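1. Sequence and predicted structure are below.
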Amino acid sequence: MTDGTTRVFTWEEGARIEVRNLGGEIVIEANAAGLKTLAGHLLTLAQDGTPDGAHLHLEGNNGLEDGSVGLVLERCDDE
């Protein structure tokens, strides 16, 4: 909930998302359900009324495959 508005992040059934740090690159590897899930999370953060700084943490024990590096999706409206 942010500013009294509830944001719901939903997961597609069978979603698989892995995030790897290859030094100079970050690789996000996902099946179709995982890609739809990530797209939905980004669209949720992009909704009108979502405040600057609203974010979602994804980790190995919270949505990502074991062994993944953490990923934070954050809204930042600064230009």
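-> Right, received. Where do you want to start?

2. where in this structure is pLDDT low?
-> 1-5, 79 (pLDDT under 70).

3. how about the helices in it?
-> Listed from the start of the chain, the chain has helices (DSSP state H) covering 32-45.

4. Contacts only, for the closest residue in space to E29 that isn't next to it in sequence.
-> Sequence neighbours aside, E18 is the residue nearest to E29 in space, at 4.7 Å (criterion: C-beta to C-beta, 6 or more residues apart in numbering). (Each C-beta comes from the backbone N, C-alpha and C, glycine too.) Residues near E18 by C-beta atoms under 8 Å, 6 or more residues apart in numbering: I28, E29, A30, L64, E65, G67, S68.

5. One more pass at 7 Å, please.
-> E29, L64, E65, S68 (C-beta atoms under 7 Å, 6 or more residues apart in numbering).

6. Most neighbours among those residues, which one is it?
-> For those, the largest number of neighbours (other C-beta atoms under 10 Å) sits with L64, at 22 neighbours.

7. is it true that that residue touches I17?
-> Yes - at 5.3 Å, L64 and I17 qualify as touching, with contact defined as C-beta atoms under 7 Å.

8. that older thread, please convert the contacts of E18 to JSON lines, extending it with distance to L42.
-> Shown next, in JSON lines, are the contacts of E18 (distance: C-beta to C-beta, whole Å):
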{"residue": "E29", "distance to L42": "17"}
{"residue": "L64", "distance to L42": "15"}
{"residue": "E65", "distance to L42": "19"}
{"residue": "S68", "distance to L42": "18"}
